[in-house]
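J.: Need the 3D shape of this:
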Amino acid sequence: LQEQGEYDEALKLYCQALELYTQVGGLRATAGFAAIYGNMGNIYNRQGRYEEALVNHQKALEARIAVSLTHTAMNRHVGTCYGNIANVYGSQGRHHEALVQHQKALEVLIAALGYEHQDVGTSYLNIGHVYQFQDRHEEALVHFQKGLEVLLAVGGEKHPRVGAMRTSIGSGLRSMGKPE
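T.: Numbering: from 1, shown residues only. So this is what the prediction gives:
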């Protein structure tokens, strides 16, 4: 429903799911809460309801941190939560806060997954975009290039995100007045 733009119906179903997880309890419920709150946060962000988005993403982050204390394999989801919070800040034009959250996401993702993982490459791309919005083009370019290095190491030229990364590098060079 969320992908089809039926946000109100999706939110209603997520609220029902939260009630069920409340009845179940336990670790599985905590991970379930995190996923639901994250999805609700994404819907609110798409609707421009930023404060509600931030509240839900913060709840998702708290739940993911609680789960990751006993299940370190879940740490990558903590990084995703930081990235979601950053996206809300970015939607609001609050680029400094977005940058801080994206940097936290990158730090967590590298610790959880290692340097050579596509989520790490995407995190570099996200940081580069924030720098670009701030007209900090050289820093953006550095992060786009790091992201490209990671994605090439992970999947080579055929990795689906390599094209987007090369486009971002070209845009960064153009912004700096350099040939692509």
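
J.: any idea how far His96 is from Val67?
T.: 29 Å (Cβ to Cβ, to the nearest Å). Placement of C-beta: from N, CA and C, glycine included.

J.: count of residues packed around Asp8?
T.: 10 (other Cβ atoms under 10 Å).

J.: Ala111 versus that one, what's the distance?
T.: 38 Å.

J.: same check, this time on Gly163
T.: 28 Å.

J.: Report the contact partners of Thr30.
T.: Ala63, Ala66, Val67 (Cβ atoms under 8 Å, 6 or more residues apart in numbering).

J.: Just to check, the first one is in contact with Ile36?
T.: No: if you go by Cβ atoms under 8 Å, Ala63 and Ile36 don't touch, sitting 9.1 Å apart.

J.: list the buried ones in the lengthiest helix in the chain?
T.: Ranked by residue count, the top helix of the chain under DSSP state H comes out as helix 26-46. Neighbour-count burial for helix 26-46 flags 29-45 (criterion: 16 or more other Cβ atoms under 10 Å).

J.: Then stretch 111-118?
T.: Those would be Ala112, Leu113, His117, Gln118, for stretch 111-118 by 16+ other Cβ under 10 Å.

J.: Using CSV, list the CA coordinates for that stretch.
T.: The C-alpha coordinates for stretch 111-118 follow below in CSV (Å, rounded to 0.1, in the frame of the first residue of the first chain):
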residue,chain,number,x,y,z
ALA,A,111,31.5,-1.2,12.0
ALA,A,112,28.7,-3.6,11.3
LEU,A,113,29.3,-4.6,7.6
GLY,A,114,32.9,-3.6,6.9
TYR,A,115,34.1,-1.1,4.3
GLU,A,116,33.2,-3.1,1.2
HIS,A,117,29.4,-3.3,1.4
GLN,A,118,26.9,-1.6,-0.9
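
J.: which residues sit against whichever strand or helix holds Arg64?
T.: Per DSSP states H and E, Arg64 falls inside helix 50-68. The contact list for helix 50-68 (Cβ under 8 Å, 6+ apart) reads 27, 30-31, 33-35, 37-38, 40-45, 74-75, 77-78, 80-82, 84-85, 88, 91-92.

J.: pLDDT of it, averaged?
T.: For helix 50-68, mean pLDDT is 94.

J.: how close does Asp8 sit to Arg49?
T.: Counting by Cβ to Cβ, the gap from Asp8 to Arg49 is 12 Å.

J.: and what of Gln23?
T.: 27 Å.

J.: what about the chain, any weak spots by pLDDT?
T.: 1-5, 26-29, 73-74, 179-180 (pLDDT under 70).
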